[in-house]
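Colleague: Sequence and computational prediction follow.
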Amino acid sequence: MRRKTFDKIVTFVGFGLSAFLLVLAGLLNWGATFAQDSVKSQLENQNISFPAAEAMPPSTKDQLAKWAGMKVTKGEMARDYADLYIWEHMKGAAKAGVGKEATYSEVSGMYMGAAKSGTASPEEIAKLGELRQTLFMGNTLRGLLLEAYAFGTLGNIAAIAALASLAGGILLLLLSIAGIVHIRRTPEEATI
């Protein structure tokens, strides 16, 4: 095979891959921007803010101090609010209500059992019902915030992939241009 023919094929493929990677970089950037903007606008609409440092749970105060008094607007903030603030309050509410850390499912079972058995007082049933409601709302809000965190993380991954695709596209474009220069310098009779 003639060297020029081979170089033309490789250069043409390089231009094609370069175009593909540059288009991919644009699409990934669009996806990243969409995800990050959506997470930010949805979290801003919720108007959730971290408390001042002195009002944070003692067990997670050091981890949450960086967000003290700030509004939740990013996926990472949503994760910390869900896992280090709401979760701690849910564990504390369960300990205060039933004497141990308990999940919504466990407390709901206790509530249903107490309501059906007829041996619990109306006050105990009401107390379990309130705790059940608190844990249900906490789980719901945690789930929504962790969904925002996941979506924001996917946006961050897309942003990194967009940069990698852009760099790869530019590199292949430069190599393809170098290939054209090389084709012009290669003698007609050269073979591989």
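Modeller: Structure received. It should be emphasised that the depicted structure is a prediction, and the values quoted were computed from it without experimental measurement.
Colleague: same for the longest helix anywhere in the chain, what does it pack against?
Modeller: Longest helix in the chain by number of residues (criterion: DSSP state H): helix 122-185. If contacts are counted by 3 or more CB pairs under 8 Å, 6 or more residues apart in numbering; DSSP states H and E, helix 122-185 sits against helix 3-46, helix 75-80, helix 87-98, helix 104-117. Placement of C-beta: from N, CA and C, glycine included.
Colleague: can I get those in JSON lines with distance to E189, mean pLDDT and mean neighbour count?
Modeller: Output for the helices and strands packed on helix 122-185, formatted as JSON lines (distance: least, CB to CB, whole Å; pLDDT from 0 to 100; neighbours: other CB atoms under 10 Å):
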{"stretch": "helix 3-46", "distance to E189": "9", "mean pLDDT": "96", "mean neighbour count": "16"}
{"stretch": "helix 75-80", "distance to E189": "61", "mean pLDDT": "96", "mean neighbour count": "21"}
{"stretch": "helix 87-98", "distance to E189": "74", "mean pLDDT": "93", "mean neighbour count": "16"}
{"stretch": "helix 104-117", "distance to E189": "80", "mean pLDDT": "93", "mean neighbour count": "16"}
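Colleague: need those in JSON lines with distance to I180, can you?
Modeller: Output for the helices and strands packed on helix 122-185, formatted as JSON lines (distance: least, CB to CB, whole Å):
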{"stretch": "helix 3-46", "distance to I180": "6"}
{"stretch": "helix 75-80", "distance to I180": "44"}
{"stretch": "helix 87-98", "distance to I180": "59"}
{"stretch": "helix 104-117", "distance to I180": "65"}
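Colleague: Tell me which of those approaches L175 most closely.
Modeller: helix 3-46 (5.6 Å; CB to CB).
Colleague: which secondary structure elements does the closest one contact?
Modeller: helix 75-80, helix 122-185.
Colleague: next helix or strand past it?
Modeller: helix 61-64 (DSSP states H and E).
Colleague: Three-state assignment for the residue of the chain most remote from its centre, please.
Modeller: For the chain, the largest distance from the centre (CA atoms, centre = their mean) belongs to E189, which lies 56.9 Å off. Of the three states, E189 takes coil under DSSP: H, G, I helix; E, B strand; the rest coil.
Colleague: if we can go back for a sec, between helix 87-98 and the longest helix of the chain, find me the angle.
Modeller: 160 degrees (axes from the mean of the first three to the mean of the last three CA atoms, to 10 degrees).
Colleague: and helix 122-185, what's its mean pLDDT?
Modeller: On average, the pLDDT along helix 122-185 is 96.
Colleague: let's number from 210 now, not from 1
Modeller: From this message on, residue numbering opens at 210, which makes the last subject helix 331-394.
Colleague: roughly how far is it from the heart of the chain?
Modeller: 4 Å (CA atoms, centre = their mean, to the nearest Å).
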